[in-house]
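Undergrad: Sequence first, then the predicted structure, then my questions.
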Amino acid sequence: MALCFYDTLSRKKEVFQPLESGKVGLYTCGPTIYNYAHIGNFRAYMFEDLLSRYLTYRGYQVRHIMNLTDVEDKLIRTCRETGESLQTLTTRYANAFFEDLDTLGILRAEAYPAATDHIDEMVTMIKTLREKGHTYEADGSIYFRLSSYEDYGKLSHMDLEELRDGASGRVDNDEYEADSARDFVLWKAYVEEDGDVFWETELGKGRPGWHIECSAMSVKYLGEHFDIHCGGVDNIFPHHENEIAQSCCATGAQFVNYWLHCAHLVVDGKKMSKSLGNFYTLRDLVDQGIDPVAIRWVLISTHYRQPNNFAFDAVDAAKQALQRIRDFRRRLTECQGAGDDLQALCASCEEEFVKALDDDLNISGALGAVFEFVRAVNKALDEGTTGAEGAKNALALLDRLDSVTGLFGDAGTTDEAPEEIIALVNQRQQARRDKDFALADDIRDRLAAEGWVIEDTPDGARVKRI
Ligand code: AMP
Ligand code: ZN
């Protein structure tokens, strides 16, 4: 079977065909860096990580671009509330974001362009839209005229006829609901509440709307027409709908071939979100001593188009699954002697794994194939029918599949430590990142008093009994 993805636009599974053989251009909407991202946000980034890793495993050269939104309504509101400058706030949370990506084993995109570094590109695109008759001005702000683009609404499958008359209404907010689909803002005229957040440009004094940044930056980094665009389902409307309108009207090109959206991480049926207050940051969980790989497991192991319910029993189940893989690895490492080289089992596991992921990233099927393999190899180990050669092949397979999942790696000895010890190790790592070396040393001493020693390795900190 060929690699297929469910495309939000066509509402069908489509065979993936890249624009350029062997290459994939991938654009994913990144965080608004006004606070710590919560693990709901990371569900989206985890799905995109799986996608990018799998495309790479399938032999594609992936050019993955993720934007950082560093000018936007929420950011400016936070600056006003805290008295901090935009730059101070966004630098702190961009750094935190990258630390969290590393903690979760999310591989880096090729570039993370920030909106404020691309004001010129946005101004140029808005000017093009103006020249082509897609905009109008009101109170110094510039709006996109919905009625000038007849395909508006195709992605979210809304009927524009049923919406309010675009000409009679417009919306200044960056985020709004489908029933208020109206002409949206491209350039916001300066208002006093914006403080020192403004640019003096040919469009006047002001700042860009949120949607234009992704249109301007995707063209710059991936060209007018590229392969895949992702985000969470909440991005479909209005953000991606508006991106399509802006990009298609400005360039005349098709824009994106495949639109992939992940369902939400939910808590008791409700979207995990800052506004509902039902969220955990990654740091909350890591500080409780939860192994980040178990969090990774929880975030990745539900199919991306299914809502994923976050609960602590799911974390416990993930820990157990992880322990099973780690015990298996350890057993393989210790296996000696001669026997079945396990080539046939390895090949059929890999075939099942690929077949599942080719089917719109069916991760449950892929993990199922791996557990079936673990069961079969454990049986061979119990019965003494395999030996060092088989174990070597099985470990090589796990490593190959781990390049896709990031779940089957060698965890060193950290997994044997109790949770309060792991919590201390994580706090020490954070202290080191914060350059609070006195605190880091203090935690090292506390660990020593408990009978544990930390070793810093290129793969991170490991803890061992003294
Ligand atoms: P935001 O910072 O709200 O713009 O969100 C950044 C990214 O995280 C977007 O792609 C959202 O779709 C995604 N996102 C936000 N909340 C959740 C959630 N609870 N589950 C999955 N993805 C989410
Ligand atoms: Zn975007």
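TA: Good, I have the coordinates. Residues are numbered from 1 along each chain as shown. Ligands and ions are numbered 1, 2, ... in the order given.

Undergrad: The residue of the stretch 151-300 of the chain found nearest ligand 1 - how many residues pack around it?
TA: In the stretch 151-300 of the chain, the residue that lies nearest ligand 1 is Gly232 (2.1 Å; CB to the nearest ligand atom). C-beta: built from backbone N, CA, C; applies to glycine. Neighbour count for Gly232, taken as other CB atoms under 10 Å: 22.

Undergrad: does the nearest residue to it once chain neighbours are set aside count as helix, strand or coil?
TA: Excluding its sequence neighbours, the residue lying closest to Gly232 (CB to CB, 6 or more residues apart in numbering) is Ala44, at 4.4 Å. Here Ala44 is recorded as helix under DSSP: H, G, I helix; E, B strand; the rest coil.

Undergrad: Please apply the same query to Thr302.
TA: coil.

Undergrad: nearest residue to it other than its sequence neighbours?
TA: The nearest residue in space to Thr302 (CB to CB, 6+ apart) is Asn308, at 3.9 Å.

Undergrad: Give me every residue in the chain lying close to ligand 2.
TA: Contacts of the chain with ligand 2, taken as CB under 5 Å from the ion, map to Cys29, Cys214.

Undergrad: ok, now how distant is the residue nearest to Gly232 from Cys262?
TA: 5 Å (CB to CB, to the nearest Å).

Undergrad: tell me, what's touching these two both at once?
TA: Cys230, Gly231, Gly232 (CB atoms under 8 Å, 6 or more residues apart in numbering).

Undergrad: In TSV, list these along with secondary structure and pLDDT.
TA: As requested, these are arranged in TSV below (DSSP: H, G, I helix; E, B strand; the rest coil; pLDDT from 0 to 100):
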residue	secondary structure	pLDDT
Cys230	strand	98
Gly231	strand	98
Gly232	strand	97
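
Undergrad: Closest to Lys132 out of these?
TA: Gly231 (26.1 Å; CB to CB).

Undergrad: Next up, the contacts around that closest one.
TA: Contacts of Gly231 by CB under 8 Å, 6+ apart are Thr28, Cys29, Ala44, His239, His240, His261, Cys262.

Undergrad: pLDDT weak spots in this protein?
TA: For the chain, residues meeting the criterion pLDDT under 70 lie at 160-168, 178-180, 411-416, 457-460.

Undergrad: Quick check: residues of it near ligand 1?
TA: 29, 31-32, 40-41, 43-44, 231-232, 234-235, 262, 264-265, 271-273 (CB under 6 Å from any ligand atom).

Undergrad: Report the buried members of those residues.
TA: 29, 31-32, 40-41, 43-44, 231-232, 234-235, 262, 264-265, 271-273 (16 or more other CB atoms under 10 Å).

Undergrad: quick revisit: out of the residues of the chain next to ligand 1, list just those in helices.
TA: In helices, defined here by DSSP state H, the members of the residues of the chain next to ligand 1 are Gly40, Asn41, Arg43, Ala44.

Undergrad: Just the closest of the residues you listed to Leu342, please.
TA: Checking these against Leu342 with CB to CB, the nearest one is Arg43 at 34.4 Å.

Undergrad: close enough to count as contact, the closest one and His264?
TA: Yes: contact criterion CB atoms under 8 Å: Arg43 and His264 qualify, at 7.2 Å.

Undergrad: residue ranges for the strands of the stretch 201-350 of the chain, please.
TA: Using DSSP state E, counting those that start in this stretch, the strands of the stretch 201-350 of the chain run over 204-208, 226-232, 256-262, 265-267, 270-271, 308-309.

Undergrad: highest average neighbour count across those?
TA: Ranked by mean neighbour count, the strands of the stretch 201-350 of the chain are led by strand 226-232 with a mean of 25 (mean count of other CB atoms under 10 Å).

Undergrad: just how off-centre is it within its chain?
TA: The chain centre lies 12 Å from the centre of strand 226-232; the measure is CA atoms, centre = their mean, to the nearest Å.

Undergrad: C-alpha coordinates for it, CSV please?
TA: The C-alpha coordinates for strand 226-232 follow below in CSV (Å, rounded to 0.1, in the frame of the first residue of the first chain):
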residue,chain,number,x,y,z
PHE,A,226,4.3,23.2,-1.1
ASP,A,227,3.3,19.8,0.1
ILE,A,228,1.9,19.6,3.6
HIS,A,229,0.5,22.1,6.1
CYS,A,230,-0.5,21.0,9.6
GLY,A,231,-2.0,22.3,12.8
GLY,A,232,-4.6,21.4,15.4
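
Undergrad: Neighbouring strands of that strand in the sheet, and parallel or not?
TA: Sheet pairing of strand 226-232 (DSSP bridges) gives strand 23-28 (parallel), strand 256-262 (parallel).

Undergrad: Now render these as CSV, adding distance to Cys248.
TA: Shown next, in CSV, are these (distance: least, CB to CB, whole Å):
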stretch, distance to Cys248
strand 23-28, 15
strand 256-262, 10
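
Undergrad: out of the ones you listed, nearest to Gly387?
TA: strand 23-28 (40.3 Å).

Undergrad: which parts of that closest one are buried?
TA: In strand 23-28, counting by 16+ other CB under 10 Å, buried: Val24, Gly25, Leu26, Tyr27, Thr28.

Undergrad: again with stretch 193-204
TA: Asp194, Val197, Phe198, Trp199, Thr201, Leu203, Gly204.

Undergrad: now the helices for the chain?
TA: Under DSSP H, the chain gives helices at 39-57, 73-82, 86-103, 119-131, 211-222, 241-251, 282-287, 292-300, 312-334, 343-358, 363-383, 388-405, 419-433, 437-449.

Undergrad: which one of those helices lies closest to Ser148?
TA: Closest approach to Ser148 among the helices of the chain is made by helix 241-251 (7.1 Å; CB to CB).

Undergrad: And the closest one, what does it pack against?
TA: In terms of contacts (3 or more CB pairs under 8 Å, 6 or more residues apart in numbering; DSSP states H and E), helix 241-251 is packed against helix 119-131, strand 141-144, helix 211-222.

Undergrad: angle of it against strand 226-232?
TA: Helix 241-251 runs at 160 degrees relative to strand 226-232, counting by axes from the mean of the first three to the mean of the last three CA atoms, to 10 degrees.
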